[in-house]
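K.L.:
Task: produce atomic coordinates for the following.
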Amino acid sequence: MALMNPIHSSGKRESANKIELAKVTRIGLVAGEGQLPLHVARNAMIQGIDVVPFMVGSDNSKLRDTCKHKGHRIVPGLVRRNLELMLQEKVSHVVFAGKVNKWVLLRDPRIDDVAVEAIRKLSRLNDDAVMLWIIGQMEQKGIRILPQADFLQDLFLSECHLSSRAPNEMEMRDARYGFEIAKEMGRLDIGQTIVVHSGMILAVEAIEGTDECLKRAGQVSGKKGGLVVKVAKPGQDQRFDIPTVGLRTLKTMRKAGLHMLVTEANQTMYLEPEEMAAYADRHNMIILSTADPSVVNPDQKA
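P.N.:
Just a heads-up that it's a prediction; the model follows:
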C-alpha cells in the first residue's frame, strides 16, 4: 500500500516544520470526536512531547490514559476560560484533532464576552471563519497552532484502488461529477462530502456531519446505491478540518446502501486502510483514492 505525506511535499516547508517541532516539548491537544486525537497523542509522545488534552464535549478517558494527563473538558463558547487553562498548563503549541460539530454550540450555548464580540464581528459563522478567529485569539496569547499532519503523516493515501473491485465507467462518471461538486461545496465552506447516484446529487454534508449525510442519502435513494465523494477544500488549511475516513465510514455507507468511496489522494487521512480494504472486499464495495477522477488509472492498485 502506497502511503505518503503530501503536506510536506516542499523540502523547505518540511525542514521548517521539523525545526519548529524539534523545539516543542509540550502541546495542548484540542480533541474532538473520533480516533484522530489518539493518533496525534501517541505520535507526539513517541517524539518525546508531553500532551495535555483539552476535550470538547464528552470526556475521553482513553485519551486521558494515553496522555497520562487528566486534561480538561472545555466548552467552545467559553473562550477566555479555555485560553486561561492553556496558559496555566504552560502550553505554547496546540494541535486540533477530531471533529467538532457546530451543533455543539447549539446544545451547549454557554458563551462568554469574548465569544459574544466575535459573533458581532463575524459576518458568517462557517467552519473556516470560526476556526481562524479562534486561532487568532490563541496566537495573541503566544500560542502557536501546529498542522495536524506533523503528527499524522502516515495516514495520507496516494492514488490507488484500495479495494479489489474497480469502478466501471458509469461509476467513474458519477465520481467525476461528485468530485467537481464537492470541491465547489468546499470552496463555499459548506462541507467536504457529496453523495451521488446515477448523475444526481443525493446529499450534501452540512452542519450535521458526514455520518448523518450518508444516512440521509440512503433514505433518499431507498438504499439502492450511490457513491460518496470526500475532498479537501480548495486552499485547505492544514491546521484543522483535514478530510478523514475510516472503517466507520464504510460501515455507515453499507447501512445506507452506498457502495463506493472516492477520496482525494494525498489530501485525505485513512484511519484503518488495511481494515477498510478487507471490509470493502468482503462486501463488494469500492474504495478509490484519486487526485483527479477524470484521469484515474483503472489498473492502479494499492
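K.L.:
Stretch 153-160: how far from the chain's middle?
P.N.:
14 Å (C-alpha atoms, centre = their mean, to the nearest Å).
K.L.:
Quote the end-to-end distance of that stretch.
P.N.:
With C-alpha to C-alpha, to the nearest Å as the measure, the ends of stretch 153-160 fall 17 Å from one another.
K.L.:
So for that stretch, what gets flagged as buried?
P.N.:
With burial defined by 16 or more other C-beta atoms under 10 Å, the residues of stretch 153-160 counted as buried are 153, 155-160. Just so you know, the C-beta spots here come from the backbone N, C-alpha and C atoms, and that holds for glycine as well.
K.L.:
just stretch 226-239 next, same as before
P.N.:
Residues of stretch 226-239 classed as buried by neighbour count (16+ other C-beta under 10 Å): 226-233, 236-239.
K.L.:
I'd like to know which of the buried residues of stretch 153-160 are part of helices.
P.N.:
Nothing among those maps onto helices, per DSSP state H.
K.L.:
So which of the buried residues of stretch 226-239 is the closest to residue 72?
P.N.:
Nearest to residue 72, judged by C-beta to C-beta, of the buried residues of stretch 226-239 is residue 239 at 20.4 Å.
K.L.:
pLDDT weak spots in the stretch 151-300 of the chain?
P.N.:
Scanning the stretch 151-300 of the chain for pLDDT under 70 picks out the ranges 295-300.
K.L.:
packing partners for the helix or strand harbouring residue 276?
P.N.:
Using DSSP states H and E, the element containing residue 276 is helix 273-282. On a contact count with 3 or more C-beta pairs under 8 Å, 6 or more residues apart in numbering; DSSP states H and E, helix 273-282 meets helix 247-255, strand 286-290.
K.L.:
could you give the angle of that helix to helix 247-255?
P.N.:
Orientation check (axes from the mean of the first three to the mean of the last three C-alpha atoms, to 10 degrees): helix 273-282 against helix 247-255 gives 20 degrees.
K.L.:
hmm, back to that, out of the helices and strands packed on helix 273-282, which is the most enclosed?
P.N.:
Among those, strand 286-290 has the highest mean neighbour count (mean count of other C-beta atoms under 10 Å), at a mean of 25.
K.L.:
Run through who's touching it.
P.N.:
By C-beta atoms under 8 Å, 6 or more residues apart in numbering, the residues outside strand 286-290 that reach it are 157-163, 165-167, 171, 175, 179, 227, 250, 259-265, 268, 276-277, 280, 296, 302.
K.L.:
if you set the cut-off to 7 Å instead, what comes out?
P.N.:
Contact with strand 286-290 is made by 157-163, 165, 167, 175, 259-263, 265, 268, 276-277, 280, 296, as judged by C-beta atoms under 7 Å, 6 or more residues apart in numbering.
K.L.:
what's the angle from that strand to helix 247-255?
P.N.:
For strand 286-290 against helix 247-255, the angle by the same axes, to 10 degrees is 130 degrees.
K.L.:
Please consider this matter closed, and thank you.
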